[in-house]
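Undergrad: Sharing a model that was predicted from the sequence below.
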Amino acid sequence: MNANALVPRRDERTFAASTAEKLTSTVRVIDANDPGSVLADVTPGMQVIGASLGRLGVVATVIVDGKGAPAAITVAYGILARKRKYVPGEFVDLVDGDRVVLSIDQNAFRTLQDIDE
């Protein structure tokens, strides 16, 4: 019998709860049906953290859709924060004070599209 078969796998809710516990108690979790709800709390200059709690960069801009609702962010990263990545709103997992936590880790962040500003 495989020993790993006996170990229960953490589901996404468990991971989100443990991530939130590592931050603070003032966490606002994204509503999967309304990604703009959490993005409304995001402002330029906030730290951006990956799912593994590693620092990815800072919010450079909040992008709004045609109705004026926040839809995505750009993240400044790299030396002197000169590079920018486009991050769709559905990757924003929660907002905690001055930190934005993404649902993706650093490796997935690297694969996101670079943009010119």
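TA: Great, that's in hand. Numbers count the residues shown, from 1 in each chain.
Undergrad: what's in contact with stretch 47-56?
TA: For stretch 47-56, contacts defined as C-beta atoms under 8 Å, 6 or more residues apart in numbering pick out 15, 19, 22, 57-59, 73, 75, 77, 87, 93, 98-106, 108-109. For glycine as for every other residue, the C-beta is placed from the backbone atoms N, C-alpha and C.
Undergrad: Are any of the residues you listed buried, and if so which?
TA: Neighbour-count burial (16 or more other C-beta atoms under 10 Å) applied to the contacts of stretch 47-56 gives 19, 57-59, 73, 75, 77, 87, 93, 99-104, 109.
Undergrad: Farthest-apart pair in those, please.
TA: With C-beta to C-beta as the measure, no two of the buried ones among the contacts of stretch 47-56 lie farther apart than T19 and Y77, at 20.4 Å.
Undergrad: hey, what's the residue lying closest to M46 once chain neighbours are set aside bridged with?
TA: With sequence-adjacent residues excluded and distances taken as C-beta to C-beta, 6 or more residues apart in numbering, M46 is closest to V59, at 4.6 Å. For V59, the beta-bridge assignment (DSSP bridges) gives partners V75.
Undergrad: From A76, how far out is V59?
TA: From V59 across to A76, the span is 8 Å (C-beta to C-beta, to the nearest Å).
Undergrad: Test my guess that Q113 contacts V87.
TA: No. When contacts are counted by C-beta atoms under 8 Å, Q113 is not listed as touching V87 (9.3 Å).
Undergrad: Who are the contact partners of the residue nearest to M46?
TA: 42-46, 48, 73-76, 100.
Undergrad: How many residues are close by K85?
TA: Residues within reach of K85, counting by other C-beta atoms under 10 Å, total 21.
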